[in-house]
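Peer 1: Kindly return the folded structure for what I paste below:
(2 chains)
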Amino acid sequence: MSSPDPVPSRHEHETFLHRVEEEAAVNPFEGVDFSELEVSLYRPRTLLNAILSCIVTGMTLLALIPLFFVLFMLIWRGGQKLSLALFTQLPPAPLEQGGGFGNAIIGTLIMVGIATILTVPLGVFTGVYLAQAPGDSKLASGVRFSAKVLTGFPSILAGVFAYGAIVLTTGGYSAIAGGIALAILMLPTIILTSESAIAMVPAKMKEASIGLGATNTQSVWMVLLPTAMPGILTGVMLAIARAAGETAPLLFTALFSNYWLISHGQLNLMQPTASLAVLIYNFSGMPFKNQVELAWAGALILVALVLITNLIGQSFSRQQVQQ
Amino acid sequence: MPAFREHGLAFLYGRTWDPNSNVYGILPEMWGTLYTSLLALLFGSLFGVAAAIFLSEGYMGDTVFKLLKMVNLQFHPFWGKLPERCEVLLKNLIELLAAVPSVVYGLWGLFVVIPLIRPYCNWLHDKCGWFPLFSTDLSGPGILPAVIVLSIMILPTITAISRDALVSVPPKLRMAAYGLGATRWETILGVLLPTASRGIFGGMVLAFGRALGETMALAMLVGNANRLTVSLFSPANTLAALLANTFPEAGPKDIPVLMYAALVLLAITLVVNMIGAVALERAAAKAEAK
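Peer 2: Numbers count the residues shown, from 1 in each chain, chains lettered A, B, ... in the order given. As a prediction, this is how the structure comes out:
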């Protein structure tokens, strides 16, 4: 459009518009190679896409194989041995037939119970503090960061710590030391999950309770904690499931024992205590067939316990989502 | 710590562990820890990121949707929810991998994985024994079974964190890439992975920290041989396995030395975990800034 006249006349303007219309009527995609966009396995782009999709699918399925393989082996090899005697009898001596691990099941439950009693109040209240602290609080962000780092804390080091702090000072292996070692591993999980559960409570609920004249303490106890309860319970259940499967911290804090915790009608928590996980570890290294079979049966029961705890925890979190 | 004064830095590069002559060194253990963890990280992140892509890009949902479309049920009130349900189920299955206790993985590795891979490993050793990775034969516990089990154990961590990172990529980036005519994989490689790289990196570092501190499966599978080796089939040892195996029978003389080894392990894992936590926090801050 090079007109000598700076202001185009009406006629010139109309011809210009006409030409624009004509140009628009021509296919605007002329010169674009549509075969570039064609989906066909003969084209390298599509082929690469399909190959990579297949690889990713295959790898994901391959990653799931161990899960089913482990579960299958547990049910196959542990299931053969499953009987009531497992829950009522004591571990057998080498070369002895039969036997069970009733004391190990009880030991696991007791030590996880000790750890839960120790960590739940501490963890939940820390979570409340973290969720309520002002955003720029140095203490809160420090605690949060250390809790995050502690979730990756090697479990064996918790055992080393409990050994140094409890076993050496009290002078012997005990269920208490084992429970404390497990508590160290449970604490960060409980802190972080209860913090996020409390932070998810809508701010208007807390504001409303304060507006109604509730004190800070009242609004925490009567509004925040009940509302966040499903989330907190999920965290607690997940922490319990993790602690129940831990072996390393118990190896040299609770050690192992072939006897019941209750002797002469008295419960003694200051003696070496059996646990399922340590039983599996000890028996798997033995050259006797009966012990190895017991290890598989113990693993089946341990995995069942852990998975059930996990599923209960997940059902709590589903409740919260539905609210 | 008395052990620190007594053994000094020589503890870190000594190669022998002999309680009788009071000579202690943990170089083989440190090497074994790093070697097994790095190999496990390699396999674990390969499979973990693949699974994360599979989960976040809706492969499962699409397939189920197409299957439903064949029988014309894709908008049915019950069956129509199936694609979503399948994806959630798959995600939970991968997370269940993390729920299995490590001692059970150890048991499985000891009685299932080792007999399974032994013939192949010895065949490899016969054919390619000149290659340093295959320079010994697998006679029982060794590095390779430990690495296999370890990578299965860290896979869920990597998958969960990478999936979160991939899902939190702003949808408009994905839409824009598709709008420009990119195929699904051109989008993944060119847009999604670079955007999510920080989160994936953080997840890998955290998984590495977990692999370093993992005890029971390694104590059962790695063979507890105080040996400095690159061969995949040779037994070796790691710091955590050393602690687990020697602590219960340790005499009063060994305890300070083991405490020293625990301190070294603590220092390594703390540094790795802090790097991971900082990387994830930065990734989250960056995602919020967008």
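Peer 1: Could you check which residue of the stretch 151-290 of chain B lies nearest chain A?
Peer 2: residue B:213 (2.4 Å; C-beta to the nearest C-beta). Every C-beta, even on glycine, is put in place using the N, C-alpha and C of the backbone.
Peer 1: dump the residue contacts of that residue.
Peer 2: Contacts for residue B:213 were tallied using C-beta atoms under 8 Å, 6 or more residues apart in numbering or on different chains; they are A:152, A:153, A:154, A:155, A:156, A:157, B:240, B:265, B:269.
Peer 1: As CSV, those residues with neighbour count, secondary structure and pLDDT would be great.
Peer 2: Putting the contacts of residue B:213 into CSV (neighbours: other C-beta atoms under 10 Å in any protein chain shown; DSSP: H, G, I helix; E, B strand; the rest coil; pLDDT from 0 to 100) gives the following:
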residue, neighbour count, secondary structure, pLDDT
A:152, 23, coil, 78
A:153, 22, coil, 82
A:154, 27, coil, 84
A:155, 26, helix, 85
A:156, 29, helix, 86
A:157, 25, helix, 87
B:240, 30, helix, 82
B:265, 26, helix, 86
B:269, 24, helix, 87
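Peer 1: now the residues you listed as a markdown table including distance to residue A:57?
Peer 2: Shown next, in a markdown table, are the contacts of residue B:213 (distance: C-beta to C-beta, whole Å):
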| residue | distance to residue A:57 |
| --- | --- |
| A:152 | 30 |
| A:153 | 36 |
| A:154 | 34 |
| A:155 | 34 |
| A:156 | 37 |
| A:157 | 39 |
| B:240 | 35 |
| B:265 | 38 |
| B:269 | 34 |
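Peer 1: so where do the helices sit in the stretch 101-250 of chain A?
Peer 2: For the stretch 101-250 of chain A, the helices defined by DSSP state H, counting those that start in this stretch cover A:102-132, A:138-151, A:155-162, A:168-170, A:175-199, A:203-211, A:216-219, A:225-245, A:248-251.
Peer 1: now the angle from the first one to helix A:175-199?
Peer 2: What that stands for is helix A:102-132. Here helix A:102-132 points in a direction 40 degrees away from that of helix A:175-199 (axes from the mean of the first three to the mean of the last three C-alpha atoms, to 10 degrees).
Peer 1: how about low-confidence regions in chain A?
Peer 2: Filtered on pLDDT under 70, chain A yields the residue ranges A:1-8, A:20, A:22-41, A:93-96, A:261-267, A:319-323.
Peer 1: any idea how far residue B:216 lies from residue A:154?
Peer 2: The gap separating residue B:216 from residue A:154 is 11 Å, by C-beta to C-beta, to the nearest Å.
Peer 1: which residues do these two both contact?
Peer 2: Counting by C-beta under 8 Å, 6+ apart, the residues touching both residue B:216 and residue A:154 are residue A:248.
Peer 1: Name the residue of the stretch 51-200 of chain A with the shortest distance to chain B.
Peer 2: Counting by C-beta to the nearest C-beta, the stretch 51-200 of chain A gets nearest chain B through residue A:154, at 2.4 Å.
Peer 1: Thought residue B:218 was touching that residue, still the case?
Peer 2: No. Contact between residue A:154 and residue B:218 fails when scored by C-beta atoms under 8 Å: they sit 11.0 Å apart.
Peer 1: Now do the contacts for residue A:232.
Peer 2: If you count contacts by C-beta under 8 Å, 6+ apart, residue A:232 has them with A:124, A:127, A:190, A:193, A:194, A:197, A:198, A:225.
Peer 1: got TSV for those, with neighbour count and distance to chain B too?
Peer 2: Formatted as TSV, these follow (neighbours: other C-beta atoms under 10 Å in any protein chain shown; distance: C-beta to the nearest C-beta, whole Å):
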residue	neighbour count	distance to chain B
A:124	23	22
A:127	26	18
A:190	26	17
A:193	25	14
A:194	28	19
A:197	26	18
A:198	23	19
A:225	19	27
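Peer 1: ok, those residues vs residue B:157, which is closest?
Peer 2: Residue B:157 has its nearest neighbour among those in residue A:193, at 16.3 Å by C-beta to C-beta.
Peer 1: from what I can see that closest one touches residue A:231, true?
Peer 2: Yes. Between residue A:193 and residue A:231 there is a contact under C-beta under 8 Å: 6.6 Å.
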